[in-house]
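A.B. asks: okay, here's the prediction I keep looking at, along with the sequence it came from:
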Amino acid sequence: MKIAVIPGDGIGPEVVGQAIVVLEAVAQKFGHRFEFQEALLGGAALDVKGVPLPDETMEICLKSDAVLLGAVGGPKWDNLPGHLRPEAGLLGIRKGLNLFANLRPAKVFPQLKSNSTLKEEALGEGIDILVVRELTGDIYFGEKGRAKIPGGEKAWDTAVYTTYEVERVAHLAFRIARGRRRKVTSVDKANVLESSRLWREVVSKVGEQYNDVELNLMYVDNAAMQLIKNPHQFDVILTTNMFGDILSDEAAMLTGSLGMLPSASLGEGRLGLYEPVHGSAPDIAGQDKANPIATILSAAMMLRYSFYLEEEAQAVENAVSKVLDQGYRTSDIATPGAKIVGTKEMGSLIAQNM
Ligand SMILES: NC(=O)c1ccc[n+]([C@@H]2O[C@H](COP(=O)([O-])OP(=O)(O)OC[C@H]3O[C@@H](n4cnc5c(N)ncnc54)[C@H](O)[C@@H]3O)[C@@H](O)[C@H]2O)c1
Ligand SMILES: CC(C)[C@H](C(=O)O)[C@@H](O)C(=O)O
Ligand SMILES: [Mg+2]
């Protein structure tokens, strides 16, 4: 099994390094062979190649069975023009690999209930939400530009969706909901945006083919509020690229820390891209402070969705749970009396508990 490894910038290399330690423990325990090949993306690629997404990186990804990615971006590259920013490299790779569905599960580990920004009573039995974010359309990829006008400038980004783009991600969300609590909440801004009106029409039509799944339609401003007020009402949240970006960070905080949230980006085939939801965290980069669990859980999603190794995926998730049971915490999820460890130690502990 060939895995393209893209450490990226900031804490990216630190957290990816620990996901590899855990994948090597999986290989040893279950007798698999993973072949890792490194590739450059984002600021790391800009510094060496002058572009955020070099051709070799796309070639390496296309020849692999899965891609493991850290994060990109940082203040060093913040003043570059849009198409040269590290983030453009990430968008390019998602689009280039046609990864149209981004799965972002927000689940509360029982050991971390007190880290949630919600009161423990509000969390009840815990939260288990899956955000299915469309990933290759919307305002991220529509026409954009800037022009001089009298007195200053104007700038624009365009939100575009086609029937086909909405249909394919909607089908995926409904199919996934069948394996969960059979409830899809589609989130849009159909009271204002034309692209959201198309989104709503298409999702409703696709929903008619899944009579066994309940469909709710919700505006994004209300959804942002409902996530805090009553997160238990959500099972699968199906939403657009932009709203999914925002709502998944919000859902992350319900679980205690952005450092806990993994993601999988999927297309038509087996090739997927697996990355934590968080960014390159320049404020803590290079200090061995980053929580590697989001990336380690992303590696578990890789085992599940690209390699169909369910037992192995669960073994990784159980190892994370065991280490939390033993009281080990990185500083973002610290609680009174916890044993605070750094990025590397957290990775080693999870590998040892496999
Ligand atoms: N997928 C990606 O590559 C991705 C995602 C989001 C942001 N970014 C980029 O990252 C850079 C920083 O963005 P930001 O500060 O808005 O978001 P961020 O997610 O990098 O950080 C937000 C906050 O969460 C903390 N944090 C994030 N991950 C953590 C972890 N694993 N362990 C402990 N704490 C963690 C950070 O220290 C920071 O305080 C920007 O250049 C942005 O464009 C990249
Ligand atoms: C860095 C940025 C391009 C990216 C996004 O907006 O998709 C990030 O915020 C994410 O959530 O993966
Ligand atoms: Mg984001």
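C.D. replies: Now that the structure is in, tell me what you want to look at. Ligands and ions are numbered 1, 2, ... in the order given.

A.B. asks: what's the residue nearest the centre of the chain in contact with, if anything?
C.D. replies: Of all residues in the chain, the one closest to the mean position by Cα atoms, centre = their mean is residue 263, 3.2 Å from it. By Cβ atoms under 8 Å, 6 or more residues apart in numbering, the residues touching residue 263 are 102, 103, 104, 105, 248, 274, 275, 276, 277, 298, 301. To be clear about C-beta, it is placed using only N, CA and C from the backbone, and glycine gets the same treatment.

A.B. asks: which residues are in contact with the closest residue in space to residue 56 that isn't next to it in sequence?
C.D. replies: In space, residue 56 comes closest to residue 39 once its chain neighbours are excluded; the distance is 6.8 Å by Cβ to Cβ, 6 or more residues apart in numbering. For residue 39, the contact set (Cβ under 8 Å, 6+ apart) comprises 4, 5, 6, 54, 56, 57, 60, 61.

A.B. asks: so what's the last one up against?
C.D. replies: If I follow you right, that is residue 61. Residue 61 touches 4, 39, 67, 93, 96, 97, 271, 273, counting by Cβ under 8 Å, 6+ apart.

A.B. asks: read off the pLDDT value for it.
C.D. replies: On pLDDT, residue 61 comes in at 97.

A.B. asks: domain parsing for this protein?
C.D. replies: 1-107+261-354, 128-254 (automatic domain parsing).

A.B. asks: reformat those domains as a markdown table; add distance to residue 122.
C.D. replies: Formatted as a markdown table, these follow (distance: least, Cβ to Cβ, whole Å):
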| stretch | distance to residue 122 |
| --- | --- |
| domain 1-107+261-354 | 15 |
| domain 128-254 | 8 |
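
A.B. asks: of all those domains, which lies closest to residue 117?
C.D. replies: domain 128-254 (5.2 Å; Cβ to Cβ).

A.B. asks: now do the end-to-end distance for that closest one.
C.D. replies: Terminal residues of domain 128-254 are spaced 10 Å apart (Cα to Cα, to the nearest Å).

A.B. asks: how about that domain and ligand 1, any contact?
C.D. replies: No: Domain 128-254 is not in contact with ligand 1 by Cβ under 6 Å from any ligand atom; minimum separation 7.7 Å.

A.B. asks: in stretch 151-161, what's buried?
C.D. replies: 159, 161 (16 or more other Cβ atoms under 10 Å).
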